[in-house]
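Asks: What follows is a predicted protein model with its sequence.
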Amino acid sequence: MVRLKDIAQLANVSIMTVSKALRDAPDVSTATKSRIKALASQMGYVPDSSAQGLRTKTTKLFGLIIPSSTNPVYARMVVAVEERAHELGYDILFAHSLNLPEREESCIRRFLSRRVDGLFISPVYRFEAEARIYQEILASKTPTVLLGPPAAFCKLFPGVEIEEQIASYTATRHLIQLGHRRIAYLTGPQVAPWAHERFEGYRRALREAGLEVDDKLVFQSGSTIEDGTNAALQMLNEGCPATAVQAVSDLVAIGCANALLSQGLKIPGDISIVGFGNILVAEHFQVPLTTISQPKHRLGSAAVDIMLSLLRGEKVQSKRLPAELVERKSTAPPKTPHQPS
């Protein structure tokens, strides 16, 4: 491994001069800096980041925790965080919580022990009003940004999220404007704040249109394709009279659509479906899915902006970004009794 001493000997200068030149110190001439940097590059010198961290009291590391990288909702957000971090000279330590509180705690403690300069966390939601690990983060004074809406146990941390309720309201309004009056809703995880917001957007749109919020049209699902499949089968078994389905996420919508198609129903001929998220597969599904497009890349970039403000000691506020409806082929006006199938 090339050391500062090796560069100093070849450049015929002191080790201190080499150190200053590589740090762009003002008391070293431009010519000397250029010569030393060129030699360092030719010799393959790699700075010792741990030594730099001791000097600057920073590690140039961020910790990033999401439920799973297989969840397409997080892909572009993670890319944006990593891109911005790279531009700023930071590396990312990456971990999966797998939506398990105990695993999330372990990941956070590991990152804190590595003295990361900041944390980006998609919280593992729980019903409890407090979570000890988030108290530990506060005690450590580690700048932390949430990727998603806060719950009671993490409400003291800033974060980035979309206008969940407004976006869901827009999706329901789309179906109502097409003429649908019996709109089924497939809900998300009961513990997740975003799922409650999306359900409330659906309810609000129905109420404003003078339509009843019928519990018989609401089905508990979750967040996976399998959850959507199971909810759709329950709808069919119960003889649900819905002419349209609004799902809490694209994965749930796709699971639902697969089940309905396998039973011989036509989308949107017999029933319309709306998702939420605009993941890549939504556009390329066998019936391209009408959905809500989340600005995932901008959410990630906004999270880094908040982190930079925290690192500067500035007061920050959470950011809520708008989402928009993307109309594709899975929605259409409902059939009238006189229309052929």
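Replies: Arrived safely, thanks for sending. Here the structure is a predicted model, which means the values were calculated and not measured.

Asks: Run through the helices of this structure in chain order.
Replies: In the chain, helices defined by DSSP state H lie at 4-11, 15-22, 30-43, 49-56, 75-87, 101-113, 132-140, 164-178, 193-208, 225-237, 250-262, 280-284, 296-311, listed in chain order.

Asks: Adding distance to Leu64, mean pLDDT and mean neighbour count, write those out as JSON lines.
Replies: C-beta here means a position set from N, CA and C on the backbone, and glycine is covered the same way. Shown next, in JSON lines, are the helices of the chain (distance: least, Cβ to Cβ, whole Å; pLDDT from 0 to 100; neighbours: other Cβ atoms under 10 Å):
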{"stretch": "helix 4-11", "distance to Leu64": "32", "mean pLDDT": "88", "mean neighbour count": "17"}
{"stretch": "helix 15-22", "distance to Leu64": "29", "mean pLDDT": "88", "mean neighbour count": "19"}
{"stretch": "helix 30-43", "distance to Leu64": "30", "mean pLDDT": "89", "mean neighbour count": "14"}
{"stretch": "helix 49-56", "distance to Leu64": "18", "mean pLDDT": "53", "mean neighbour count": "11"}
{"stretch": "helix 75-87", "distance to Leu64": "6", "mean pLDDT": "94", "mean neighbour count": "18"}
{"stretch": "helix 101-113", "distance to Leu64": "9", "mean pLDDT": "95", "mean neighbour count": "17"}
{"stretch": "helix 132-140", "distance to Leu64": "14", "mean pLDDT": "95", "mean neighbour count": "15"}
{"stretch": "helix 164-178", "distance to Leu64": "22", "mean pLDDT": "98", "mean neighbour count": "20"}
{"stretch": "helix 193-208", "distance to Leu64": "19", "mean pLDDT": "97", "mean neighbour count": "20"}
{"stretch": "helix 225-237", "distance to Leu64": "25", "mean pLDDT": "96", "mean neighbour count": "20"}
{"stretch": "helix 250-262", "distance to Leu64": "22", "mean pLDDT": "97", "mean neighbour count": "24"}
{"stretch": "helix 280-284", "distance to Leu64": "21", "mean pLDDT": "94", "mean neighbour count": "15"}
{"stretch": "helix 296-311", "distance to Leu64": "10", "mean pLDDT": "96", "mean neighbour count": "20"}
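
Asks: which stretch among those helices comes nearest Pro67?
Replies: helix 101-113 (9.0 Å; Cβ to Cβ).

Asks: now that closest one against helix 132-140, angle please.
Replies: 20 degrees (axes from the mean of the first three to the mean of the last three Cα atoms, to 10 degrees).

Asks: which ones are touching Gly179?
Replies: Gly179 makes contact with 333-334, according to Cβ atoms under 8 Å, 6 or more residues apart in numbering.

Asks: picking up where we left off before, closest one to Ser69 among the helices of the chain?
Replies: Short answer: helix 75-87, nearest of the helices of the chain by Cβ to Cβ, at 7.1 Å.

Asks: re earlier: the helices of the chain: which one's closest to Thr187?
Replies: That would be helix 193-208 among the helices of the chain, by Cβ to Cβ, at 5.5 Å.

Asks: List of residues touching that closest one?
Replies: Contacts for helix 193-208 (Cβ under 8 Å, 6+ apart): 125, 148-151, 161, 164-173, 176, 183, 185, 187-189, 212-213, 218, 246, 248, 276.

Asks: try 7 Å
Replies: 125, 148-149, 151, 164-169, 172-173, 176, 185, 187-189, 213, 246, 248, 276 (Cβ atoms under 7 Å, 6 or more residues apart in numbering).

Asks: Just give me the residue right at the centre of this structure.
Replies: Nearest to the mean C-alpha position of the chain, counting by Cα atoms, centre = their mean, stands Tyr74 at 4.3 Å.

Asks: Mind listing what's buried along stretch 235-251?
Replies: 235, 240, 242-251 (16 or more other Cβ atoms under 10 Å).

Asks: and the end-to-end length of it?
Replies: Stretch 235-251 stretches 17 Å from its first residue to its last (Cα to Cα, to the nearest Å).

Asks: Need the residues that contact that stretch.
Replies: Here stretch 235-251 has contacts from 171-172, 175, 180, 182-188, 195, 198, 202, 217, 219, 221, 223-225, 228, 253, 256, 263, 271-279, 282, 289, 291, 334, using Cβ under 7 Å, 6+ apart.

Asks: ok, back up a step: check the buried residues of stretch 235-251 and tell me the two furthest apart.
Replies: Thr243 and Leu251 (22.5 Å).

Asks: returning to what we had before: from the contacts of stretch 235-251, which would you call buried?
Replies: 171-172, 175, 180, 182-188, 195, 198, 202, 217, 219, 221, 223, 225, 228, 253, 256, 271-279, 282, 289, 291, 334.
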